[in-house]
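Student: got a sequence here, can you model it:
(one chain, ligands or ions: 1)
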Amino acid sequence: MPGARLVMLFAMGFAYASLSIAASDPGRGAAVFNGTCIACHGSDGSGSLPGVPDMTGRTGLLSQDDAVLLKRMAEGFQSPGSPMAMPPRGGNPALTDADLRSVLNYMRKEFKIAP
Ligand code: HEC
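Tutor: Numbers count the residues shown, from 1 in each chain. Next comes the predicted model:
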């Protein structure tokens, strides 16, 4: 089954790429975002699915305190009346607290328009 072999090669390449990215720390936030968060939040942070909020902008969600955001990212979060919940650690239990800190820094830099 050539199809299955292709899928496996792809999966192995992906695992290798993730490992080499994890080893280089400065890109960790980007790697976490692109690996886990981008599916719902979109490459520009404005949300790619209905029910996912726009996180961009200087006074937006990312302007909240670190403690608030890190807790919501780690434990999951659903605001009242929201059609969809943010899953704990974006649904990736392998992410460490340091990973969440890195991805928060990354999102602030990328999506929060500097004052
Ligand atoms: C399955 C879709 C999904 C994935 C994957 C996901 N999120 Fe979310 N996220 C959401 C939704 C939906 C909300 C809004 C929840 C609400 O307000 O009820 C949200 C909200 C947030 C918020 C705003 C919290 C607030 O105070 O309003 C942050 C920050 C966030 N996500 C970060 C992340 C990070 C970082 C990742 C990757 C590690 C991630 N998300 C992965 C769906 C997702």
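Student: what does the host helix or strand of L70 contact?
Tutor: Under the criterion of DSSP states H and E, L70 resides in helix 66-75. Residues from elsewhere that reach helix 66-75 (Cβ atoms under 8 Å, 6 or more residues apart in numbering): 61-62, 86, 88-90, 97, 100-101, 103-104. To be clear about C-beta, it is placed using only N, CA and C from the backbone, and glycine gets the same treatment.
Student: same check, this time on stretch 77-89
Tutor: Applying Cβ under 8 Å, 6+ apart, the contact partners of stretch 77-89 are 36, 49-52, 72-76, 95, 100.
Student: what about the spatially most central residue of the chain, which SS state?
Tutor: Within the chain, one residue has its C-alpha closest to the average C-alpha position: by Cα atoms, centre = their mean, that is C37, at 2.8 Å. State at C37, reduced to three classes by DSSP: H, G, I helix; E, B strand; the rest coil: helix.
Student: thinking again about what came up before, now the contacts of stretch 77-89: which count as buried?
Tutor: Among these, those buried by neighbour count (16 or more other Cβ atoms under 10 Å) are 36, 52, 72-73, 95, 100.
Student: neighbours of the residue nearest to the residue nearest to the centre of the chain when sequence neighbours are not counted, how many?
Tutor: Of all residues not flanking C37 in the chain, G90 sits nearest, at 5.1 Å (Cβ to Cβ, 6 or more residues apart in numbering). Neighbourhood size, G90 [other Cβ atoms under 10 Å]: 23.
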